[in-house]
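Asker: Attaching a predicted model along with its sequence, questions to come.
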Amino acid sequence: MFKILKLITLYIFERCFIVVFAKTQASTCSVSSIFFKLTKSLKIFIMTLKEFKEFREKINEKILSEGTLYTRRFFALDDDVYKDGSIPKKYKEMMGLVASIVLRCDDCITYHIIQCVENSITKEEFFELLDIALIVGGSITIPHIRRAVNTYFEIIQDKK
């Protein structure tokens with residue numbers, strides 16, 4: 001019997017995705033039975049922007065109160081590096097967003113989009129920034145770009 005790697009499913013929810021791969025024996029398991037067993041045990045976290053902000057703030061407070069000096073220093077450095085300097089905060093957040101898309105970190109992408117909007121990024125700047133992320137990161141960033149666009153418009157809509 002040959003073991004094969006099967007792509008079970010790709011879910012694209014409003015702001016979240018999961019790709020599940022499973023090793024199985026082709027002759028003994030159907031794709032639907034594997035899908036059922038895996039999805040039953042998965043915990044899928046889909047958060048609204050409000051829930052994302054609350055969760056991030058709550059857990060960051062926990063990390064900072066319980067974490068080591070090195071963790072607190074890193075968080076402080078991360079906070080300080082995005083402040084206005086020779087490069088304005090807006091452009092630093094835009095660079096952070098490009099890097100987050102290239103690195104495919106959805107939480108980072110959401111955070112930097114929020115920061116970009118709070119620092120008055122225009123729609124034109126946002127879409128040019130996506131071009132840079134796509135060129136640097138390649139086609140593998142496209143699902144993250146889709147979610148970034150969705151998040152951007154969700155934030156803009158919430159601001160109205």
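Answerer: All right, it came through fine. Numbers count the residues shown, from 1 in each chain.
Asker: So what touches stretch 113-125?
Answerer: 49, 53, 82, 88-90, 93-94, 96-97, 126, 129, 148, 151-152, 155-156, 159 (CB atoms under 8 Å, 6 or more residues apart in numbering). The C-beta positions use only the backbone N, C-alpha and C, and glycine is treated the same way.
Asker: In helices only, show me the residues you listed.
Answerer: Using DSSP state H, the subset of the contacts of stretch 113-125 located in helices is 49, 53, 89-90, 93-94, 96-97, 126, 129, 148, 151-152, 155-156, 159.
Asker: Going by distance to residue 140, which of these wins?
Answerer: Residue 140 lies nearest to residue 148 out of those, by CB to CB, at 13.8 Å.
Asker: wait, doesn't the closest one sit right on residue 98?
Answerer: No: using CB atoms under 8 Å, residue 148 is not in contact with residue 98, being 10.4 Å away.
Asker: re earlier: pull out the buried residues from the contacts of stretch 113-125.
Answerer: For the contacts of stretch 113-125, a burial check counting by 16 or more other CB atoms under 10 Å picks out 82, 90, 93, 94, 96, 97, 126, 129, 148, 151, 152, 155.
Asker: ranges for the strands of this structure?
Answerer: Taking DSSP state E as the criterion, the chain carries its strands at 3-12, 17-25.
Asker: so how far is residue 141 from the residue nearest the centre of the chain?
Answerer: Nearest residue to the geometric centre of the chain (CA atoms, centre = their mean): residue 106, 0.4 Å. Residue 106 sits 11 Å away from residue 141, taking CB to CB, to the nearest Å as the criterion.
Asker: can you list the domain ranges for this protein.
Answerer: Domain segmentation of the chain under automatic domain parsing yields 3-41, 49-159.
Asker: Let me know which of the ones you listed is tucked in deepest.
Answerer: Stretch with highest mean neighbour count among the domains of the chain: domain 49-159 (a mean of 15; mean count of other CB atoms under 10 Å).
Asker: next one: that domain to chain centre, how far?
Answerer: Chain-centre distance of domain 49-159: 9 Å, with CA atoms, centre = their mean, to the nearest Å.
Asker: Does residue 97 touch residue 129 like I think?
Answerer: Yes: using CB under 8 Å, residue 97 makes contact with residue 129 at a distance of 6.1 Å.
Asker: just curious, which of the buried ones among the contacts of stretch 113-125 is nearest to residue 75?
Answerer: Out of the buried ones among the contacts of stretch 113-125, the member with the shortest distance to residue 75 (by CB to CB) is residue 82, at 11.9 Å.
Asker: Alright, that wraps it up for me.
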